[in-house]
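1. Okay, structure incoming, though there's no sequence with it:
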């Protein structure tokens with residue numbers, strides 16, 4: 001067993017490491033280690049010593065310190081986290097767009113694992129999981145108190161193996177088991193189609209490494225075959241977000257000028273501003289962006305950028321409201337900190353955090369639409385998450401070349417999806433309203 005002196009030395013080394021890491025991000029007025037900090041560290045060392053000597057079973061010191069760091073970061077907000085080397089690797093896999101698992105985005109609401117959004121065309125989506133579903137058990141193990149990282153680890157696994165999620169939904173009298181077969185999740189983040197030979201449709205399901213390139217190809221295919229588009233619908237409903245740079249590039253694809261998004265934090269060094277560039281190939285037709293309560297983070301950046309720049313009408317339901325920036329800081333042992341360091345602001349200076357994007361036209365989904373994308377679900381948003389960072393004002397379809405074949409399906413899609421139908425009707429009527437305005 002190590003001496004109390006060596007334990008204190010280890011604790012001071014830990015503090016020094018944290019100060020080095022956080023020094024550039026923090027306020028210089030509170031960076032210094034004052035006497036109260038040393039007193040707190042002394043208490044921490046005493047507790048560590050008592051646990052090591054008196055706990056019923058021998059516990060490794062590294063495990064205790066890791067858990068202490070984990071608890072400290074976890075107490076900040078729902079999105080900050082201490083990542084073990086394995087968890088850090090999982091995070092890197094997430095952004096690549098290919099991994100084995102179920103295909104759901106989860107968060108923590110009132111200490112309960114909750115589905116933010118099922119990802120399109122994945123096992124979870126096909127099984128019928130919906131935004132707002134509470135995950136009570138994973139393979140029979142109660143999830144109360146389970147971390148998001150541990151839950152993700154349990155749900156991921158080899159292709160064709162099964163996992164059972166016990167789900168409690170708002171309209172369920174008792175929990176229901178969903179047995180889902182894992183698959184290699186290869187997410188195609190952009191899909192496109194054309195409705196009524198004149199309205200382009202772009203569906204962005206997540207912002208990953210290839211999203212901007214996929215969007216560019218989709219736009220080329222649509223505009224290449226349909227020269228006289230009356231409008232474009234960009235659908236980011238149930239899009240949980242993803243990479244900031246991809247959201248910026250996607251927004252830039254529709255904007256010639258103007259601010260896309262800015263970030264502001266405690267430290268000036270973390271602040272940034274992204275501005276659109278005129279590439280000469282941006283579409284000029286009218287646009288509608290479809291949003292709902294599952295529209296979060298990076299997809300809210302795109303929605304806010306197009307709305308504030310007057311480039312698109314936003315239609316649907318108020319968005320999730322996840323407007324905070326997480327910076328991933330690698331540590332020397334292969335672990336990392338995912339730390340909230342700033343907030344996102346729209347071009348007009350509106351904070352997204354816990355506020356979300358308010359639609360220009362509110363259209364509630366019709367209940368009969370059973371797909372996860374349009375079904376009426378529990379309105380889970382950022383402000384519902386325990387410990388969330390308060391907002392500034394808080395407290396106050398198929399390719400176009402299959403047109404004839406898909407005519408019947410298109411009609412069915414629009415009958416089921418009243419929000420999409422509303423967007424298309426608006427774009428079809430755009431020229432009529434322009435003519436009326438000139439008279």
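-> Cool, the structure landed. Owing to the predicted nature of the structure, the values given are computational and were not obtained by experimental measurement.
2. Give me the phi and psi angles of the closest residue to residue 359 other than its chain neighbours.
-> Excluding the flanking residues, the one nearest residue 359 by C-beta to C-beta, 6 or more residues apart in numbering is residue 314, at 4.8 Å. Placement of C-beta: from N, CA and C, glycine included. Main-chain dihedrals, residue 314, degrees, to the nearest 10: phi -100, psi 130.
3. End to end on stretch 68-79, go ahead and measure it.
-> End-to-end distance for stretch 68-79, by C-alpha to C-alpha, to the nearest Å: 17 Å.
4. And stretch 122-134, by the same measure?
-> Distance between the two ends of stretch 122-134: 18 Å, counting by C-alpha to C-alpha.
5. where do the helices sit along the stretch 151-300 of the chain?
-> Taking DSSP state H, counting those that start in this stretch as the test, the helices found in the stretch 151-300 of the chain are 211-225, 244-252, 298-308.
6. Tell me which other helices or strands the first one touches.
-> The criterion is 3 or more C-beta pairs under 8 Å, 6 or more residues apart in numbering; DSSP states H and E, and the helices and strands that helix 211-225 contacts are strand 190-195, strand 199-204, helix 244-252.
7. what packs against the helix or strand harbouring residue 339?
-> Taking DSSP states H and E as the definition, residue 339 sits inside strand 336-345. Strand 336-345 is packed against strand 81-83, helix 85-96, strand 259-265, strand 324-330, with contacts defined by 3+ C-beta pairs under 8 Å, 6+ apart.
8. That strand to helix 244-252, inter-axis angle?
-> Orientation check (axes from the mean of the first three to the mean of the last three C-alpha atoms, to 10 degrees): strand 336-345 against helix 244-252 gives 30 degrees.
9. Residues in contact with strand 336-345: which ones?
-> With contact meaning C-beta atoms under 8 Å, 6 or more residues apart in numbering, strand 336-345 is reached by 21, 25, 73, 76-77, 79-83, 88, 91, 261-267, 270-271, 300-301, 323-331, 351-353, 389, 392.
10. and that strand with helix 85-96, angle?
-> On the basis of the same axes, to 10 degrees, strand 336-345 is oriented at 40 degrees to helix 85-96.
11. got the phi/psi numbers for residue 315?
-> Per-residue torsions, residue 315: phi -130, psi 140 (degrees, to the nearest 10).
12. gap between it and residue 201?
-> To residue 201, residue 315 is 13 Å away according to C-beta to C-beta, to the nearest Å.
13. Which one's more surrounded, the two?
-> Neighbour tally, residue 315 and residue 201, criterion other C-beta atoms under 10 Å: the higher count belongs to residue 201, 24 against 21.
14. For the more buried one, give me the pLDDT.
-> On pLDDT, residue 201 comes in at 97.
15. does it have beta-bridge partners, and which?
-> For residue 201, the beta-bridge partners are residue 193, residue 233 (DSSP bridges).
16. Tell me which residues touch it, please.
-> Shown in contact with residue 201 (C-beta under 8 Å, 6+ apart): 192-195, 232-233, 235, 397, 420.
17. Can you find the helix or strand of this structure with the lowest average pLDDT?
-> Every helix and strand in the chain was compared by mean pLDDT, DSSP states H and E; the lowest is helix 28-31, with a mean of 44.
18. rank the helices and strands packed on strand 336-345 by pLDDT, which is bottom?
-> Mean pLDDT per stretch puts helix 85-96 lowest among the helices and strands packed on strand 336-345, at a mean of 77.
19. Pull out the buried positions in that one.
-> By neighbour count on 16 or more other C-beta atoms under 10 Å, the buried set for helix 85-96 is 87-88, 90-91, 94.
20. which residues are in contact with that helix?
-> Residues outside helix 85-96 that contact it (C-beta under 8 Å, 6+ apart): 81, 83, 99, 149, 152-153, 156, 208-209, 242-243, 328, 330, 333-336, 338.
21. Correct me if wrong: residue 277 contacts residue 252.
-> Yes. Here residue 277 reaches residue 252: they are 6.2 Å apart, a contact under C-beta atoms under 8 Å.
22. Between those two, which is the more surrounded one?
-> residue 252 (21 against 11).
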